[in-house]
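Q: Compute the structure for the input listed below.
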Amino acid sequence: MTLEKVQQTFRGVSCLHCKNPIPISPLVASIEAELPTNETTPGRHQKCQVFHLRCAACGKEKPYKIDEILDSKGRR
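A: Numbers count the residues shown, from 1 in each chain. Predicted coordinates for the structure are as follows:
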């Protein structure tokens with residue numbers, strides 16, 4: 001019997017110190033989802049573009065931009 005490993009995909013940022021993926025919070029995800037994809041739209045800059053996250057791997061906390069969010073693979 002073989003067990004297949006299923007990799008999860010989640011939205012997150014890469015830690016500025018150790019490069020491990022950090023999942024974003026549901027609040028940041030909802031703000032990102034509300035933003036139009038066209039950066040020239042004036043409404044894009046009405047919401048906060050910076051948020052702080054702490055890396056579970058190294059314990060460092062840094063500010064990240066909404067534009068730095070990407071799809072990450074692995075465990076949340």
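Q: which residues does Ile66 contact?
A: 28, 31-32, 35, 49-51 (CB atoms under 8 Å, 6 or more residues apart in numbering). For the C-beta atoms, the positions are set from N, CA and C on the backbone; glycine is no exception.
Q: meant to ask about Cys15, not that
A: Contacts of Cys15 by CB under 8 Å, 6+ apart are 21-22, 55, 57-58, 60, 62.
Q: is it true that Gln8 touches Asp71?
A: No: Gln8 lies out of contact with Asp71 (CB atoms under 8 Å); the separation is 10.5 Å.
Q: low-scoring pLDDT stretches of the protein, where are they?
A: 1-7, 37-47, 75-76 (pLDDT under 70).
Q: Closest to the centroid, which residue in it?
A: Gly12 (2.3 Å; CA atoms, centre = their mean).
Q: quick one: the helix or strand harbouring it to chain centroid distance?
A: Here Gly12, judged by DSSP states H and E, is contained in strand 9-14. Averaging C-alpha positions (CA atoms, centre = their mean, to the nearest Å) puts strand 9-14 4 Å from its chain's average.
Q: Please work out which residues outside it touch it.
A: Strand 9-14 is contacted from outside by 20-24, 29, 32, 53, 64, 68-74, 76, using CB under 8 Å, 6+ apart.
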